[in-house]
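Visitor: sequence first, then the predicted structure:
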Amino acid sequence: MKYEGSGRPTSPDGQLGEEPRHGPVIGGVDIREVAGCTCLRLRRVAREATRLYDTLIAPTGLTGAQFGLLAQLYGAQLRASGLSQTALAERVGVDQSTLTRNLKPLAAAGLVQSVPDPADRRVHLLTITDAGRARLAQAAPLWQQAQAILIEQVGQEAVLALNGLLELTSKRVQHGRTSAP
């Protein structure tokens, strides 16, 4: 920001800006450091990637998150089991309320169901229904198209490196959370 004529700051296009009332330090932190915030960058990239997948999968009536839940439940069913809501939440890395919010429309559409665990009838397992498998099969090629677009835009090596870094980061952040006092 430059200061011209009036002594008030101007932007690069010459427009007058607001006079800063305080320095860039707040709470002992130089606010300019926020520009390099890892969390903000991760959230921005996650929103951009989510928008790509959601847009391509939308014709099936699913979101990318719902597609992922159906895929997890299908994978569990291939191993001849369902998943508890807690286990599913842990697998996809969301809290219970977010999982419930994503499961409600799937259950209402008859794509997932909750059934008693044969080993312990007090426990309920989530399973994918026949309709859920059909919807997953309909969405899978669209997911694959989104995946191919992302790889094309970012590059195969970068995607592999990113996936590795994200897995490593997830494990280390989880470990730090569980080992903190």
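Guide: Received, thanks.

Visitor: right, and L69 touches V112 too?
Guide: Yes: L69 is within contact range of V112, at 7.5 Å (criterion: Cβ atoms under 8 Å). The C-beta positions use only the backbone N, C-alpha and C, and glycine is treated the same way.

Visitor: spit out the residues that contact these two alike.
Guide: Both L69 and V112 are in contact with 103, 106, where contact means Cβ atoms under 8 Å, 6 or more residues apart in numbering.

Visitor: of these two, which one has the most company?
Guide: Taking other Cβ atoms under 10 Å, L69 and V112 do not tie; L69 has more neighbours (28 against 23).

Visitor: and after the longest strand seen in the chain, which helix or strand comes next?
Guide: Longest strand in the chain, counting residues (DSSP state E): strand 120-128. Under the assignment DSSP states H and E, the closest C-terminal helix or strand after strand 120-128 is helix 130-154.

Visitor: put the alpha carbons of whatever helix or strand comes next after that next one into CSV.
Guide: Downstream of helix 130-154, the next assigned helix or strand under DSSP H and E is helix 156-179. Extracted C-alpha coordinates of helix 156-179, given in CSV (Å, rounded to 0.1, in the frame of the first residue of the first chain):
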residue,chain,number,x,y,z
GLN,A,156,-0.2,-37.4,-11.3
GLU,A,157,3.0,-37.1,-9.3
ALA,A,158,1.7,-34.1,-7.4
VAL,A,159,-1.5,-35.9,-6.5
LEU,A,160,0.4,-39.0,-5.3
ALA,A,161,2.7,-36.7,-3.2
LEU,A,162,-0.3,-34.7,-1.9
ASN,A,163,-2.1,-37.9,-0.9
GLY,A,164,1.0,-39.2,0.9
LEU,A,165,1.4,-35.9,2.8
LEU,A,166,-2.2,-35.8,3.7
GLU,A,167,-2.1,-39.3,5.2
LEU,A,168,1.1,-38.5,7.1
THR,A,169,-0.4,-35.3,8.4
SER,A,170,-3.6,-37.0,9.4
LYS,A,171,-1.7,-39.7,11.4
ARG,A,172,0.6,-37.2,13.0
VAL,A,173,-2.2,-34.8,14.0
GLN,A,174,-4.3,-37.6,15.4
HIS,A,175,-1.3,-39.0,17.3
GLY,A,176,-0.6,-35.5,18.7
ARG,A,177,-4.2,-35.2,19.7
THR,A,178,-4.3,-38.5,21.5
SER,A,179,-0.9,-38.1,23.2
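
Visitor: please work out the angle formed by the directions of helix 156-179 and helix 130-154.
Guide: Put simply, helix 156-179 runs at 120 degrees to helix 130-154, going by axes from the mean of the first three to the mean of the last three Cα atoms, to 10 degrees.
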